[in-house]
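A.B. asks: Need coordinates for the following:
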Amino acid sequence: YVAYLDPASGGDASSLAILDARSGVHVLGLFGRVNVTNFTLEACRIAARYNTALLGIENNGMGVSAVQAALKMYRYPNLYQERDPKNVQKMQDHGLNINGELKGQIHDLCWRDLDSGRLSSPCRETIDAMRNYDPKTDHWPDRVAALFGANWIRGRKWDSLMNIRDGRTARRVEGVYIGR
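C.D. replies: Below you'll find the model as predicted:
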């Protein structure tokens, strides 16, 4: 499983999405306007129940304290890290720093995966949020941000691991892995 936490405060709500990494099905969503630390600890407890899901947390803004809570208070063992683009042997800070360019890439990947059936969500609230937001604005609805983040992590981490899982080989055919 892969998970993504979009922490928020003020008028926005924090949101968590968990995806089945193989099928791309959105299996759990958590949404609420509560203290970021408390929401993060609950998200860690839930992600741990999903086979210690690979958990990404937005690490800009409110996300910095969320990453710290996951690391220091919960000691979550499977937090997402990006590789440093300048030195692939080095890992960057925990979490995902979504900037303008990356945000566009995440958005495009998610819509491609939704269109191809590689990503799906049975969550009515998430589907409604996706229907009603304007992609030209800079702000993603909370549930959409969590789903998009989880799908990005799935694409970055899980897909690359599919090549070595269970001692079998896999080949990529238009974004879908077919095991042999």
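A.B. asks: just checking, residue 54 touches residue 3?
C.D. replies: Yes: contact status for residue 54 versus residue 3: in contact at 7.0 Å, counting by CB atoms under 8 Å. From N, CA and C alone the C-beta is placed, and that goes for glycine too.
A.B. asks: list residues touching both of those two?
C.D. replies: residue 153 (CB atoms under 8 Å, 6 or more residues apart in numbering).
A.B. asks: Now residue 81. Its backbone dihedrals?
C.D. replies: phi -140, psi 140 (degrees, to the nearest 10).
A.B. asks: what about it, neighbour count?
C.D. replies: Per other CB atoms under 10 Å, the neighbour tally for residue 81 reads 15.
A.B. asks: ok, now residue 38?
C.D. replies: Residue 38 has 12 nearby residues by other CB under 10 Å.
A.B. asks: before we move on, what about residue 98?
C.D. replies: Neighbours around residue 98, by other CB under 10 Å: 21.
A.B. asks: can you map out the strands along this structure?
C.D. replies: In the chain, strands defined by DSSP state E lie at 2-6, 14-19, 26-32, 54-57, 81-84, 87-94, 170-173, 176-179, listed in chain order.
A.B. asks: ok, and for the longest helix anywhere in the chain, which residues are buried?
C.D. replies: In the chain, assigned by DSSP state H, the helix with the most residues is helix 100-116. Within helix 100-116, the residues that qualify as buried are 106, 109, 110, 113, 114, counting by 16 or more other CB atoms under 10 Å.
A.B. asks: ok, the nearest residue to the fourth one once chain neighbours are set aside to residue 56 distance?
C.D. replies: Leaving aside its chain neighbours, residue 113 sits nearest to residue 119 (3.8 Å; criterion: CB to CB, 6 or more residues apart in numbering). Note on residue 119: its distance to residue 56, by CB to CB, to the nearest Å, is 15 Å.
A.B. asks: more neighbours, those two?
C.D. replies: More crowded of residue 119 and residue 56, by other CB under 10 Å: residue 56, with 28 against 23.
A.B. asks: Could I get the contacting residues of the more buried one?
C.D. replies: 2, 3, 4, 5, 79, 80, 95, 96, 149, 150, 152, 153.
A.B. asks: quick one: which of those has the most company?
C.D. replies: residue 5 (34 neighbours).
A.B. asks: Double-check that one against residue 14; I have them as touching.
C.D. replies: Yes: with contact defined as CB under 8 Å, residue 5 reaches residue 14; the gap is 7.0 Å.
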